[in-house]
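Colleague: What shape does this take:
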Amino acid sequence: MDKMREKLSLLHKTVRRDSRRDSGGGVAEALPVTAYARDMIGELKNRLTHLFAVKTDAEIQGDFIKFLKKEVEIAAFTGIEDFPFAAFTELSYLVDERVLLINTLVGRSRRQMHHARLPSATVLSRS
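Modeller: The predicted structure follows:
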């Protein structure tokens, strides 16, 4: 956090110095810098939120993988043929979740695109 503040203050100083050189300096020039800094902080917060969500998801998936590892270690398979089927069944849940998520996101974007084009298509068909 301290490094971020140091970098922001350095950015402020640099932008202020450059704006004073270009326009002779003034208080009016400080307002866009402040707005830019707020935008930058907002963007950093958004990225941190996204990274935290990714980290949480990775931890959850890691816990699931650890669970699978324990299941494999304690499982008593009668033959080696049973193991790949059991592993495939458990791992397919991960793939199913990912495919479902991707299909949901793709479906939403397609519906949005379709609805965006739908009114013009209906008007053309009525003419």
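Colleague: got the contact list for Ala58?
Modeller: Ala58 makes no contacts at all, as judged by Cβ atoms under 8 Å, 6 or more residues apart in numbering. All C-beta spots, glycine's among them, are computed from the backbone N, C-alpha and C.
Colleague: what's the spacing between it and His12?
Modeller: When Cβ to Cβ, to the nearest Å is applied, the distance between Ala58 and His12 equals 35 Å.
Colleague: Same question for Asp63.
Modeller: Computed with Cβ to Cβ, the distance linking Asp63 and His12 is 43 Å.
Colleague: Mind checking which of those two has more residues around it?
Modeller: Relative neighbour count places His12 above the other of Asp63 and His12, with 15 against 10, counting by other Cβ atoms under 10 Å.
Colleague: pLDDT value on the more buried one, please?
Modeller: pLDDT, His12: 76.
Colleague: likewise Ser127?
Modeller: According to the per-residue confidence, Ser127 scores 45 in pLDDT.
Colleague: again with Glu97
Modeller: pLDDT, the model's per-residue confidence, is 67 for Glu97.
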